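Visitor: Need coordinates for the below:
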Amino acid sequence: MDLIIARPEGLYCTAGDFYIDPWRPVERAVITHGHGDHARTGSQHYLSAAPGAGILRARLGEGINLQTLAYGERIDHHGVTLSFHPAGHVLGSAQVRVEYQGQVWVASGDYKVEADGTCEPFEPVRCHCFITESTFGLPIYRWQPQREIFDEINQWWRANAQAGRASVLFAYSFGKAQRILHGIDAGIGPILAHGSVEPLNRVYREGGIYLPKRSTPPTSKRPTPCCARH
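Guide: Presented below is the predicted three-dimensional model:
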């Protein structure tokens with residue numbers, strides 16, 4: 001018997017009677033992380049990794065019925081042992097480990113194997129079956145080491161600042177923006193974050209992740225910040 005199957009509502013654990021990142025409202029939703037294609041409103045009960053609680057409440061509402069587990073902490077539900085393990089993707093992202101009658105399955109959600117300092121790094125989890133997303137799984141994708149990317153950004157930003165030009169970086173408001181802010185050289189100049197980014201920045205800072213402070217834009221002239229925005 002397959003431990004996790006696909007239903008119209010999403011990935012369903014048959015023995016545990018819960019869904020992982022359901023696409024529709026369900027009774028019990030186990031959430032890998034707070035991106036909108038994984039965490040949706042309307043479910044009765046939510047379970048997530050503890051570092052992601054602030055993000056989920058910010059995006060789904062403060063009043064959601066949310067239970068959290070520390071990474072590695074185990075809970076038993078209908079004889080199924082469930083735990084979260086770092087996915088290295090965004091703050092609070094997790095792989096869901098499900099164990100039942102000697103079988104171990106892991107559902108990943110999104111994950112990233114290169115640590116970036118904005119969340120717990122990816123942790124390999126031994127299992128019999130691994131359910132993986134693979135947004136950039138084709139071999140055509142080859143990424144530079146992120147330190148090289150940040151060096152290029154800083155060089156570009158510094159040159160613009162010296163020339164009196166504004167530097168604008170476009171990034172998704174949750175995850176990518178914080179990764180950029182954490183990795184760039186904040187000493188080059190003032191930083192102004194878009195209104196969709198700053199509330200999530202506060203959640204990251206509350207979670208102990210370093211992000212540079214948002215600058216107050218000057219009133220006498222147009223600001224020339226490095227701007228991370230949605």
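Visitor: How much space separates residue 2 from residue 24?
Guide: Distance of residue 2 to residue 24, given as CB to CB, to the nearest Å: 20 Å. Glycine gets a C-beta too; all of them are placed from N, C-alpha and C.
Visitor: Likewise for residue 150?
Guide: 39 Å.
Visitor: neighbour-wise, which of the two wins?
Guide: residue 150 (18 against 13; other CB atoms under 10 Å).
Visitor: Could you check how far the residue nearest the centre of the chain is from residue 11?
Guide: Nearest to the mean C-alpha position of the chain, by CA atoms, centre = their mean, lies residue 90 at 2.5 Å. Residue 90 sits 19 Å away from residue 11, going by CB to CB.
Visitor: Can you name the next helix or strand after the helix ranked longest in the chain?
Guide: For the chain, the helix reaching the highest residue count under DSSP state H is reported as helix 146-162. Next along the chain after helix 146-162, taking DSSP states H and E as the criterion, comes strand 167-170.
Visitor: pLDDT (mean, whole number) over that following strand?
Guide: Mean pLDDT, strand 167-170: 95.
Visitor: Could you tell me how far that strand lies from the centre of the chain?
Guide: Offset of strand 167-170 from its chain centre (CA atoms, centre = their mean, to the nearest Å): 21 Å.
Visitor: can you give me the angle the helix or strand following that strand makes with helix 146-162?
Guide: Next helix or strand after strand 167-170 toward the C-terminus (DSSP H and E): helix 176-183. Relative orientation of helix 176-183 versus helix 146-162 (axes from the mean of the first three to the mean of the last three CA atoms, to 10 degrees): 80 degrees.
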